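A.B. asks: okay, predicted coordinates and the sequence, questions at the end:
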Amino acid sequence: MSLSLAEIRQAVQQHLQQARWRVDILAEDLLPGILDQPEAIDVLQQIATRGQHSRIRLLNRNTDIIARHGHRLIPLIQRLPSIIHARLSAPDRCAHPLWLILTDQQRLLLQTDENTPLRTANEREATLWQERFDECWEHGQPDPYLRRISL
């Protein structure tokens, strides 16, 4: 049974609220309809401004959708570029699920494809996904659309 968009939003919100310092998100397009909601943005802003140990990394496969339709998370990304980092994944170097959210390097929420249910993972599996995310991050390129432009 698949979840409704509202149920996915609620699960993501609860997952993010439990994060203290770190969030890593891997998604096609910053999960419009989920991460562009005011509640999600507020939680990410709270994490980002919590202290010197805060870090949010966003790894996207495609920013064309974001460029065409916008995303409410963009101003926060551009306002806090030393804490919120965005990269484009290298598709030839990084096979991954539909999307995942790792928090504090030990909690994981993911959906492997559109036909599988949303799920969490135990610490061991979260660690394995964290290693995969870190490898994808290392091969990613800075996202030109999401960087701050200074004039």
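C.D. replies: It's in. Note that the coordinates shown come from a computational prediction; the quantities given were computed from them, not determined experimentally.
A.B. asks: mind checking the SS state of residue 91?
C.D. replies: coil (DSSP: H, G, I helix; E, B strand; the rest coil).
A.B. asks: contact partners for the closest residue to it other than its chain neighbours?
C.D. replies: Spatial nearest neighbour of residue 91, chain neighbours left out: residue 61 (6.5 Å); criterion: CB to CB, 6 or more residues apart in numbering. Bear in mind the C-beta positions are built from the backbone N, C-alpha and C, glycine included. Neighbour list for residue 61: 27, 28, 29, 88, 89, 91 [criterion: CB atoms under 8 Å, 6 or more residues apart in numbering].
A.B. asks: what about the residue lying closest to the second one once chain neighbours are set aside, distance to residue 136?
C.D. replies: If you skip the residues right next to it in sequence, residue 28 has residue 61 as its closest partner in space, 5.0 Å away by CB to CB, 6+ apart. Computed with CB to CB, to the nearest Å, the distance linking residue 61 and residue 136 is 10 Å.
A.B. asks: hey, what's in contact with both of these two?
C.D. replies: Shared contacts of residue 61 and residue 136, counting by CB under 8 Å, 6+ apart, come down to residue 89.
A.B. asks: what about the residue most central in space within the chain, is that helix, strand or coil?
C.D. replies: In the chain, the residue lying closest to the centroid (CA atoms, centre = their mean) is residue 25, at 2.1 Å. What three-state DSSP gives for residue 25 is strand.
A.B. asks: who touches it in this structure?
C.D. replies: Contacts of residue 25 (CB under 8 Å, 6+ apart): 31, 35, 56, 57, 58, 59, 99, 100, 101, 102.
A.B. asks: looking at the contacts of residue 61, which one is closest to residue 119?
C.D. replies: residue 27 (15.7 Å; CB to CB).
A.B. asks: those strands in this structure, which residues are they?
C.D. replies: Using DSSP state E, the strands of the chain run over residues 22-27, 55-60, 84-88, 99-103, 107-111, 119-121, 141-142.
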